[in-house]
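Student: The following block contains a protein sequence and its predicted model.
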Number of protein chains: 2
Amino acid sequence: MEEPGFRDRADSEAPALARFGTVAIIGVGLMGGSLGMALSRRGLASRVLGCDHDPSSLQAAVRRGAVDEGRPLEAAVSAADLVVLAVPVPALPRLFGLIGPHLKEGAVVTDLGSVKRPVLEAAQALPYPEQFVGGHPLAGRERAGVAAADGDLFLGRAWAVVPGPSSRPDAVEMVAHLAQAVGADPVLLGPDEHDCLAAEISHLPQLAAYALAAAVARGASGTAAAGRGLNMARRLAGPGLHDTTRLAASPAGLWRDLALANRDHLVEGLKRLQSELAEVSRALEAGDGEALEGLFQQAQAARLALFP
Amino acid sequence: MEEPGFRDRADSEAPALARFGTVAIIGVGLMGGSLGMALSRRGLASRVLGCDHDPSSLQAAVRRGAVDEGRPLEAAVSAADLVVLAVPVPALPRLFGLIGPHLKEGAVVTDLGSVKRPVLEAAQALPYPEQFVGGHPLAGRERAGVAAADGDLFLGRAWAVVPGPSSRPDAVEMVAHLAQAVGADPVLLGPDEHDCLAAEISHLPQLAAYALAAAVARGASGTAAAGRGLNMARRLAGPGLHDTTRLAASPAGLWRDLALANRDHLVEGLKRLQSELAEVSRALEAGDGEALEGLFQQAQAARLALFP
């Protein structure tokens, strides 16, 4: 009930067919491809145009029904009522410069990146920055690319809608409707609030999973000679290790970029995680069962607060 | 293929009905209850006797079909061909003393605890320590108690079989067959090798999940006034945070005991995890994308080595 605006309106206003007109998806990987599939399947766009620097990805996107046709960047952008930038965050600043001159009057631009403050700043380079509204679907997979795309990827997931200081209200509404139309829950957030929350609920768990996977493999390798340790760890490993390290299978380059883009918030998050671990270590080394149980109880309460 | 003994034999030797005779399960919680259900469902015991210090748990275990009847400790033990100690690790030393005088000649004793070196040492108090073989099914749930028990809990899971220096070969074989009979994969390990591996693949992920849940809740709470931060985190949270913190819902007292019981190995594991996080922090603070990507790539390789 924190953000009544979008969700309440949805009930009274059924999605019209082709509501978003011509949609251009720039970057047809996992996220862009999934969005295209979700739009096409529900008949939410009159046309979905795709654009990608990798011709084979674009062909695969057409083959998978994620886009109706592939187009060069200028042609896709100039025909679009809604332009969705589904490229890695570091590629966005240059892309804003490239698409600016070709945007149709009144066209709305959004992105799917996991960090918003730097993206909104870069969007000021657009000729009409008020046409841009940041977006971040809280959805993903460990595998990248259109081959892993799924039209149901956004179902039941949150989708952060993050306007800039000058974003037009109708543009904000259109992005919220886009989220809703593909089954997500639009959540209106300011850029710093978003980036701080994203650091906590998404980027920090990712880095924790990487660190845990590396530490466990290193520890297990040391338990016995000739690779037996890692073999045994593999054989013994259950759902606990599987789930806590699942995110570590995610692409390293993508997460290098996101970590750097959200560096300040994430550094703070890492400090909090390191301080929790240091407290546990101290209690354990001291054999202090009471302190240990207190820390675990707080953590259990935290988990129940996050997932009631 | 590391431990051909048990698995190969299974194919040629089908489980006979009532193969384990009278089985006494001491402690009918999640683990003991699940084992009782697995035995009863498959007709693997002529009788399953249950014993618990909590009469209502024992009644629930009978009601759920986990045990055929409840018995006082001495009566259960003196009638049993196989005694399974399914109590928390710290309760085991006292229990060895209590059951010792009542064991039938030739009866085999095993446990289900997640730490093995201290348990094997405590088992030396039995009149015939060679009748004891340590066991550790790598299976569990966040919820405790017989209400959460499940006869399929062990299906496809590893089950560490950890003999002491004097364990009788036929006792080792019986425990391995018990694991196999309820659908698990028996893995023969020495006590130190077991405890080190358990620290890595089970205890460290547990502590990492606790620390992450606590850090995330603390960080999210700080993002906005009046509880909005935690509410927002809850609304935005996706499968990544869910899976990385799932274990944090586990009972604090149980994990205090296990952490203390496996303290030395776990302290080393925590150091490795802290050192991985410190390296990530350093690279991130320095804005060193190359170092960050290198760390993430190593972690990704580690995850793929653990779960090919």
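Tutor: Sure, I can see it. Numbering: from 1, shown residues only, chains lettered A, B, ... in the order given.

Student: Would you enumerate the residues in contact with A:Lys116?
Tutor: Residues near A:Lys116 by Cβ atoms under 8 Å, 6 or more residues apart in numbering or on different chains: A:Gly134, A:His136, A:Ala160, A:Val162, A:Leu189, A:Pro191, A:His194, A:Asp195, A:Ala198. For the C-beta atoms, the positions are set from N, CA and C on the backbone; glycine is no exception.

Student: which non-adjacent residue is nearest A:Ala66?
Tutor: Excluding its sequence neighbours, the residue lying closest to A:Ala66 (Cβ to Cβ, 6 or more residues apart in numbering or on different chains) is A:Gly36, at 3.6 Å.

Student: Please enumerate residues in contact with the helix or strand containing the one you found?
Tutor: Per DSSP states H and E, A:Gly36 falls inside helix A:30-41. Contact partners of helix A:30-41, identified using Cβ under 8 Å, 6+ apart, comprise A:20, A:23, A:25-26, A:28, A:44-45, A:48, A:50, A:61, A:64-68, A:84, A:86-87, A:112, A:137, A:139-141, A:143-146, A:148-154, A:181-183.

Student: Could you find the closest non-adjacent residue to A:Phe307?
Tutor: Nearest non-adjacent residue to A:Phe307, counting by Cβ to Cβ, 6+ apart: B:His242, 6.2 Å away.

Student: How many neighbouring residues does that neighbour have?
Tutor: Using other Cβ atoms under 10 Å in any protein chain shown, B:His242 has 15 other residues around it.

Student: Next: A:Pro72.
Tutor: For A:Pro72, the count of nearby residues is 8 (other Cβ under 10 Å).

Student: Could you pull up phi and psi at it?
Tutor: phi -60, psi 160 (degrees, to the nearest 10).

Student: Hmm, it is touching A:Gly50, no?
Tutor: No. Assessed by Cβ atoms under 8 Å, A:Pro72 is found out of contact with A:Gly50, at 10.8 Å.

Student: quick one: low-confidence parts of the stretch 151-300 of chain A?
Tutor: By pLDDT under 70, the low-scoring segments of the stretch 151-300 of chain A are A:224-227.

Student: Secondary structure element holding A:Ala233?
Tutor: Per DSSP H and E: A:Ala233 is located in helix A:228-236.

Student: Export stretch A:168-180 to CSV, keeping only CA atoms.
Tutor: Taking C-alpha atoms only, stretch A:168-180 is exported to CSV below (Å, rounded to 0.1, in the frame of the first residue of the first chain):
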residue,chain,number,x,y,z
ARG,A,168,6.9,14.3,-17.7
PRO,A,169,4.1,12.8,-15.6
ASP,A,170,2.6,11.0,-18.7
ALA,A,171,6.0,9.5,-19.4
VAL,A,172,6.2,8.2,-15.8
GLU,A,173,2.8,6.8,-16.2
MET,A,174,3.6,5.1,-19.5
VAL,A,175,6.6,3.3,-17.9
ALA,A,176,4.5,2.2,-15.0
HIS,A,177,1.9,0.9,-17.3
LEU,A,178,4.6,-0.9,-19.3
ALA,A,179,5.7,-2.7,-16.1
GLN,A,180,2.1,-3.6,-15.2
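
Student: Could you tell me which residues make contact with A:Pro129?
Tutor: A:Ala123, A:Gly164, A:Ser166, A:Ser167.

Student: Leaving out the residues flanking it, which one is nearest to the first one?
Tutor: When you say that, I think you mean A:Ala123. Of all residues not flanking A:Ala123 in the chain, A:Phe132 sits nearest, at 4.2 Å (Cβ to Cβ, 6+ apart).

Student: Now do the contacts for the closest residue in space to A:Asp243 that isn't next to it in sequence.
Tutor: With sequence-adjacent residues excluded and distances taken as Cβ to Cβ, 6+ apart, A:Asp243 is closest to B:Asp243, at 4.1 Å. Counting by Cβ under 8 Å, 6+ apart, B:Asp243 touches A:Asp243, A:Thr244, A:Arg246, A:Leu247.

Student: one step back: okay, the contacts of A:Lys116 in CSV with neighbour count, distance to chain B and secondary structure next?
Tutor: CSV is the format used below for the contacts of A:Lys116 (neighbours: other Cβ atoms under 10 Å in any protein chain shown; distance: Cβ to the nearest Cβ, whole Å; DSSP: H, G, I helix; E, B strand; the rest coil):
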residue, neighbour count, distance to chain B, secondary structure
A:Gly134, 28, 14, strand
A:His136, 28, 9, strand
A:Ala160, 28, 7, strand
A:Val162, 29, 12, strand
A:Leu189, 26, 7, coil
A:Pro191, 20, 12, helix
A:His194, 27, 9, helix
A:Asp195, 27, 10, helix
A:Ala198, 27, 8, helix
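
Student: In a markdown table: those residues, plus distance to B:Asp264.
Tutor: Output for the contacts of A:Lys116, formatted as a markdown table (distance: Cβ to Cβ, whole Å):
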| residue | distance to B:Asp264 |
| --- | --- |
| A:Gly134 | 49 |
| A:His136 | 44 |
| A:Ala160 | 44 |
| A:Val162 | 48 |
| A:Leu189 | 45 |
| A:Pro191 | 47 |
| A:His194 | 43 |
| A:Asp195 | 40 |
| A:Ala198 | 38 |
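
Student: can you give me the strands for chain A?
Tutor: With DSSP state E, the ranges of strands along chain A come out as A:22-26, A:47-51, A:69-70, A:82-85, A:108-111, A:132-137, A:158-163, A:185-188.

Student: all helices for the stretch 1-150 of chain A, in order.
Tutor: Along the stretch 1-150 of chain A, counting by DSSP state H, counting those that start in this stretch, helices occupy A:4-12, A:30-41, A:55-63, A:73-78, A:92-99, A:117-122.

Student: so of the ones you listed, which one's packed in deepest?
Tutor: helix A:30-41 (a mean of 25; mean count of other Cβ atoms under 10 Å in any protein chain shown).

Student: Report the beta-bridge partner residues of A:Val84.
Tutor: Assessed by DSSP bridges, A:Val84 has beta-bridge partners A:Ile25, A:Thr110.

Student: neighbours of it, just the number please.
Tutor: Neighbours of A:Val84 under the rule other Cβ under 10 Å: 26.

Student: was I right about it contacting A:Ala24?
Tutor: Yes. Counting by Cβ under 8 Å, A:Ala24 is a contact partner of A:Val84 at 7.0 Å.

Student: And the helix holding A:Ala233, how far out from the chain middle?
Tutor: The chain centroid and the centroid of helix A:228-236 are separated by 33 Å under Cα atoms, centre = their mean, to the nearest Å.

Student: Determine the set of other helices and strands touching that helix.
Tutor: Judged by 3 or more Cβ pairs under 8 Å, 6 or more residues apart in numbering or on different chains; DSSP states H and E, helix A:228-236 is in contact with helix A:204-221, strand B:158-163, strand B:185-188, helix B:191-198, helix B:289-306.

Student: May I see the buried residues of it?
Tutor: Going by neighbour count (16 or more other Cβ atoms under 10 Å in any protein chain shown), the buried part of helix A:228-236 is A:Gly229, A:Leu230, A:Asn231, A:Met232, A:Ala233, A:Arg234, A:Arg235, A:Leu236.
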